[in-house]
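Undergrad: structure for this input, please:
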Amino acid sequence: MAANLTAGSFEELYEQTSNRLLNRAGKESFEALKMLNVNDIKNYQPVAGVVYPNSPLGNSLKQIAVLIKMNIGLEVAFAESGGWDTHFNQGTLNGVFARNVRDFSDSIAAFWNDMGAYQDDVTVMTMTEFGRTVAQNGTGGTDHGRASCSFILGNDVQGGKVYQQIGSLAKDQLEDQRDLPVTTDFRSVFSGVANKHLKINNNSILFPKWEGKALEIIR
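TA: Residues are numbered from 1 along each chain as shown. The predicted model follows:
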């Protein structure tokens, strides 16, 4: 009952807004939500041979697959993968980091294979807000760092390449002698995908006052 009241309250707020674009977007979103049924996700059967990890990321990507296949007009979806703040006991082959990477890899592979005939319409992007230090700290982990990486997956991606040269890991070549230096603005990556995949050709729509250049990632 409380959930229904909350959903109703949000819907009323969107109906009352004076912003026509926000009002329309809100109505479309709530209409899409009404089409969903918990059982649609619970009883969903992926493509034969595909098994999603029973993890927050795996389950989120499975839900996104359901929405895509329902053809409700989904354009952008977000899934989160947590647990990367490995300040201690990061481990190697069997540590926290290795388990996270395995889940990350298996979840995305399951989602992509599940997309099947939808792959031409789907682009997967990954991003993190911070990297990790190059050197291990005193408790078997790594601390917050500057640069990290982003993976882009799609049939029209100019793949098989790294879009930046990684410099020396020598201590005197690192930022503050501890971090990989940032060499690519994430906005250039996002814009490069949005320009081709979402047909957004005005970078200022996504990033007001940004005057950078989009990265040519997609054919």
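
Undergrad: report the central residue of this structure.
TA: T126 (4.2 Å; CA atoms, centre = their mean).

Undergrad: pLDDT at that one, what is it?
TA: Here the pLDDT value assigned to T126 is 95.

Undergrad: that one reaches S150, doesn't it?
TA: Yes. The criterion here is CB atoms under 8 Å, and T126 meets it with S150 at 5.7 Å. Backbone N, C-alpha and C define where each C-beta goes, glycine included.

Undergrad: got a list of what the closest residue to the residue nearest to the centre of the chain other than its chain neighbours touches?
TA: Spatially, and ignoring its direct neighbours in sequence, T126 is nearest to F151 (4.6 Å; CB to CB, 6 or more residues apart in numbering). Contacts here follow CB atoms under 8 Å, 6 or more residues apart in numbering; on that basis F151 touches I108, V124, M125, T126.

Undergrad: circling back to that earlier point, and the residue nearest to the centre of the chain, how far from W84?
TA: Using CB to CB, to the nearest Å, one gets 11 Å for the distance from T126 to W84.

Undergrad: what average pLDDT does the longest helix along the chain get?
TA: Longest helix in the chain, counting residues (DSSP state H): helix 96-115. Average pLDDT, helix 96-115: 96.

Undergrad: that helix - contacts with which helices or strands?
TA: Contact here means 3 or more CB pairs under 8 Å, 6 or more residues apart in numbering; DSSP states H and E; on that basis helix 96-115 packs against helix 56-69, strand 124-125.

Undergrad: which stretch in those is the model least sure about?
TA: Looking over the helices and strands packed on helix 96-115, mean pLDDT reaches its minimum on helix 56-69, with a mean of 93.

Undergrad: burial measure for the residue lying closest to M127 once chain neighbours are set aside, as a count.
TA: Closest residue in space to M127, ignoring its immediate chain neighbours: S150 at 5.2 Å, by CB to CB, 6+ apart. Neighbour count of S150, defined by other CB atoms under 10 Å: 15.

Undergrad: for stretch 172-180, C-alpha coordinates in PDB please.
TA: Only the C-alpha atoms of stretch 172-180 are listed here, as PDB (Å, rounded to 0.1, in the frame of the first residue of the first chain):
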ATOM      1  CA  ASP A 172      58.700   9.300 -11.100                       C
ATOM      2  CA  GLN A 173      56.300   9.200 -14.100                       C
ATOM      3  CA  LEU A 174      53.200   9.000 -12.000                       C
ATOM      4  CA  GLU A 175      51.000  11.800 -10.700                       C
ATOM      5  CA  ASP A 176      52.200  12.600  -7.100                       C
ATOM      6  CA  GLN A 177      54.400   9.500  -7.600                       C
ATOM      7  CA  ARG A 178      51.300   7.300  -7.000                       C
ATOM      8  CA  ASP A 179      48.600   7.700  -9.700                       C
ATOM      9  CA  LEU A 180      48.100   7.100 -13.300                       C
END
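
Undergrad: relative to the whole chain's centre, how far out is that stretch?
TA: Relative to its chain's centre, stretch 172-180 lies at 27 Å (CA atoms, centre = their mean, to the nearest Å).

Undergrad: what comes up buried for that stretch?
TA: L174, R178, D179, L180 (16 or more other CB atoms under 10 Å).

Undergrad: average model confidence for it?
TA: Mean pLDDT, computed over stretch 172-180, is 92.

Undergrad: what sits up against it?
TA: For stretch 172-180, the surrounding residues in contact (CB under 8 Å, 6+ apart) are 131, 133-135, 143, 145-148, 166-167, 171, 181-182.
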